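A.B. asks: pasting the structure only:
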DNA sequence: GAGCACTGC
């Protein structure tokens, strides 16, 4: 047995005959196929809602198989002569549904871009254009339920613009992700035949292309929530389109709640906060766009707003479920892959797995077995894809598949929404994902968990859909149909499973209290109490939960409140420059230190060069300083090489540089001199950070463990930390993460006496 | 002594 193989792989590897590969020649599998076909040939994927003929299928309160029957009847009763579906007979409690396909022609733009105009007209939504505009004209709030490929995100803003519905302001289209906002804006600018940034623009963090002529603006949900802080009525916009609302990101939820408030104020002339006070003459139109499932919930939230439905364009995907549940999903995935490989026509395979560890071990198993395939078979090329992996590695999945080869991509959720890989014909869905969940604890400040769990129905549908982007596809689910039916409909909204500290701080600057806000889903009181306590500890709120002057400053920084607090505190310690260096790296989206499992020793060796005896925060500072020195003297290529050699992620440095610039601007605004440097006074730097992380601290116990200062939890220093194995009297940490144990990550040593001075400091303030 | 899905300002 090859010595290089990871022990976990050996455990998973079986006799090749297990899936029908024997001594160089292929044969029908020895084992009966474990799959049960649940879709009939004429309506592929119907039961899973991938090719929905009935919009009501998507409300998902019933099991998919039962659903078709029950609701079909209702749908027919909704049909009327004008080609729209009216839902008048269904009682007041039910939201109204209209089908907008099949009405009215649309007007092509300009004669030059004829091809583009034709393309636009081909989109499923084009037929419903006039009906859609009419509904938006008549109603303050419209819910648009559009499937993948309907064209809603690019077309609806243009229809609204062309119809003159947004005469008095811009049309905002919000997106949860930056890439979506920028690329959609570029696409729509092309369709309008204008330069990007003129009539059509976008605004995302670090990047904005817009001008006074901009009428359609794509922006991230985070961006518009920030805008809310300086313009609480969003007076620049006359239409706000919330796209991908079903994802229920924290920021989308806050936006949706505020939009309700804003609309009431702006559309009601007698409201003192509305027309009169703000001098606004333009009422606000809201369009909520959702891909699946939760449309009725949005409708209920907005006083039973009408739901419009538009069909998508997606190739049929045939779905197979396992006959029995699988104990080992990586092993099942491997058997399924080779079944596809031996029995099915050419086409690339995408396997969804929960995390990096599974991906790497499965890749090894597949590669090992692929070598034993008979020569007349297609070659197997495996690619991996996960967030922590270098970009260049992730991008390999996009390269065209070489001739006589079948590509097998092993990916996490990254391939579910964020990235679309072309050429996928087969999807293997393990039914598992990892999800971060915040466990609020009023004492000790709560911690994150990151555990493998079952996916949701909408996630399963999304994964299957990845096989039908370019043609007919097949999806193999490594779980039974019963298991599918038992899955939750969609993921819990983010607001129910993350720390609310930052949101509460931001809302406070708007004079709002989260617990009083009319939210679609309200977080539990523990979560709110824990966040309020943290903000009080940071000195952002006083004893009456009122925003302090420091808190007002903290809210202006695009940082976690803990780090914003550290920046504000750094003014008193004279080390703002260094604190900015550290917090900008810590708030970058990817980690600075790269871990490559095969090169563990080399990684540890390289890391030693930056290691600081105080711990991880000053280790980061050392790395930043070293990079800055290299960057000053070396060219781009040498910089990249230096980063590679030291297992540092250069993209993190570059992103941190952008963040730092933004923080400097904020510092200047609130009167903090960002150039003040502590030079070698490292104690000051740690103390500044300590102000932010005072709630995240633990003392060494006589038995050598660390116990929280604010709670009873025993925490372990994460093995990736520079302080792992070191015993120091007191530590502060960036976060607690529960995986197998409760680990403190991003750990620094701090003098115990600091906490005494801190409480004195707090009393002085109170 | 052991491991980490994905976003956003």
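C.D. replies: That came through fine. No experiment lies behind these values; they were computed from the predicted model shown.

A.B. asks: backbone torsions only: list them for the nearest residue to residue A:435 once chain neighbours are set aside.
C.D. replies: Distance criterion C-beta to C-beta, 6 or more residues apart in numbering; nearest residue to residue A:435, sequence neighbours excluded, is residue A:453 at 5.6 Å. Any C-beta I mention is one placed from the backbone N, CA and C, and that applies to glycine too. As for residue A:453, its main-chain torsions (degrees, to the nearest 10) stand at phi -150, psi 170.

A.B. asks: which residues does residue A:453 contact?
C.D. replies: Residues near residue A:453 by C-beta atoms under 8 Å, 6 or more residues apart in numbering: A:432-435.

A.B. asks: so for stretch A:653-667, mean pLDDT?
C.D. replies: Stretch A:653-667 shows a mean pLDDT of 93.

A.B. asks: what does stretch A:735-747 give?
C.D. replies: 90.

A.B. asks: right, is that stretch up against DNA strand B?
C.D. replies: Yes. Stretch A:735-747 comes into contact with DNA strand B (C-beta under 7 Å from any atom of the strand), by way of A:737, A:739-741, A:743, A:745.

A.B. asks: which pair in those spans the largest distance?
C.D. replies: Every pair in the residues of stretch A:735-747 next to DNA strand B was compared (C-beta to C-beta); the two farthest apart turn out to be A:740 and A:745, at 13.7 Å.

A.B. asks: looking at these two, which is more packed in?
C.D. replies: Neighbours were tallied for residue A:740 and for residue A:745 using other C-beta atoms under 10 Å; the higher tally belongs to residue A:745 (17 against 7).

A.B. asks: did I read that right, that one in a helix?
C.D. replies: No. Per DSSP: H, G, I helix; E, B strand; the rest coil, residue A:745 lies outside any helix segment and is strand.

A.B. asks: who's in contact with stretch A:254-267?
C.D. replies: Looking at what lies outside stretch A:254-267 - C-beta under 8 Å, 6+ apart - the contacts are A:140-141, A:174, A:221, A:224-225, A:228, A:232-234, A:240, A:242, A:245, A:271, A:273-275, A:278, A:280, A:282-284, A:286, A:288, A:298, A:301-302, A:495, A:503, A:507, A:517-520.

A.B. asks: next, the buried residues of that stretch.
C.D. replies: Residues of stretch A:254-267 classed as buried by neighbour count (16 or more other C-beta atoms under 10 Å): A:254-263, A:265-267.

A.B. asks: and stretch A:716-724, by the same measure?
C.D. replies: Neighbour counts using 16+ other C-beta under 10 Å place A:716-718, A:720-723 of stretch A:716-724 among the buried residues.

A.B. asks: same thing with stretch A:162-174?
C.D. replies: Judged by neighbour count using 16+ other C-beta under 10 Å, the buried positions of stretch A:162-174 are A:163, A:165-166, A:169-174.

A.B. asks: where's the residue nearest to residue A:435 relative to residue A:493, distance?
C.D. replies: From residue A:453 over to residue A:493 the distance is 16 Å, taken as C-beta to C-beta, to the nearest Å.

A.B. asks: contacting residues for residue A:416?
C.D. replies: Counting by C-beta under 8 Å, 6+ apart, residue A:416 touches A:352, A:459, A:462-463, A:466.

A.B. asks: check residue A:350 too.
C.D. replies: In this structure, residue A:350 makes contact with A:409, A:411, A:415, A:421, A:424, A:426-428, A:466-467, judged by C-beta under 8 Å, 6+ apart.

A.B. asks: where does the stretch 251-400 of chain A come near DNA strand B, residue by residue?
C.D. replies: Taking C-beta under 7 Å from any atom of the strand as the criterion, the stretch 251-400 of chain A approaches DNA strand B at residues A:251, A:354-357, A:386-388.

A.B. asks: next, the distance between the ends of stretch A:386-393.
C.D. replies: Here the two ends of stretch A:386-393 are set 9 Å apart, with distance taken as C-alpha to C-alpha, to the nearest Å.

A.B. asks: can you check stretch A:554-569 too?
C.D. replies: Rule used - C-alpha to C-alpha; the end-to-end distance of stretch A:554-569 is 10 Å.

A.B. asks: the residue in the stretch 351-500 of chain A that DNA strand B sits nearest to in helix, strand or coil?
C.D. replies: With C-beta to the nearest atom of the strand, the shortest gap between the stretch 351-500 of chain A and DNA strand B falls at residue A:387, namely 2.1 Å. Residue A:387 falls in the coil class when you classify it by three-state DSSP.

A.B. asks: what's the spacing between residue A:130 and residue A:137?
C.D. replies: Counting by C-beta to C-beta, the gap between residue A:130 and residue A:137 amounts to 10 Å.

A.B. asks: residue A:651 - nearest residue in space that isn't next to it in sequence?
C.D. replies: Closest to residue A:651 by C-beta to C-beta, 6+ apart is residue A:590, at 6.1 Å.

A.B. asks: contact partners for residue A:224?
C.D. replies: Residues touching residue A:224, when contacts are defined by C-beta under 8 Å, 6+ apart, comprise A:172, A:174, A:234, A:240, A:255.

A.B. asks: what helix or strand does it sit in?
C.D. replies: Under the assignment given by DSSP states H and E, the secondary-structure element containing residue A:224 is helix A:221-230.

A.B. asks: out of the contacts of residue A:416, who has the most neighbours?
C.D. replies: Neighbour counts for the contacts of residue A:416 peak at residue A:352, which has 32 neighbours (criterion: other C-beta under 10 Å).

A.B. asks: quickly list what that one is bridged to.
C.D. replies: Beta-bridge partners for residue A:352, by DSSP bridges, are residue A:411, residue A:429.

A.B. asks: in the stretch 651-766 of chain A, which residue sits nearest DNA strand B?
C.D. replies: Closest contact between the stretch 651-766 of chain A and DNA strand B, by C-beta to the nearest atom of the strand, is at residue A:739 (2.7 Å).

A.B. asks: wait, that residue touches residue A:451, no?
C.D. replies: Yes. Residue A:739 lies in contact with residue A:451 (C-beta atoms under 8 Å); the separation is 7.3 Å.

A.B. asks: how about the residues of the stretch 401-550 of chain A by DNA strand B?
C.D. replies: When proximity is defined as C-beta under 7 Å from any atom of the strand, the stretch 401-550 of chain A approaches DNA strand B at A:412-414, A:418, A:433-436, A:450, A:502.

A.B. asks: rerun at 6 Å
C.D. replies: Among all residues of the stretch 401-550 of chain A, those adjacent to DNA strand B (criterion: C-beta under 6 Å from any atom of the strand) are A:412-414, A:418, A:434-436, A:450, A:502.

A.B. asks: so which of these belong to strands?
C.D. replies: When DSSP state E is applied, these are split such that A:434-436, A:450 fall in strands.
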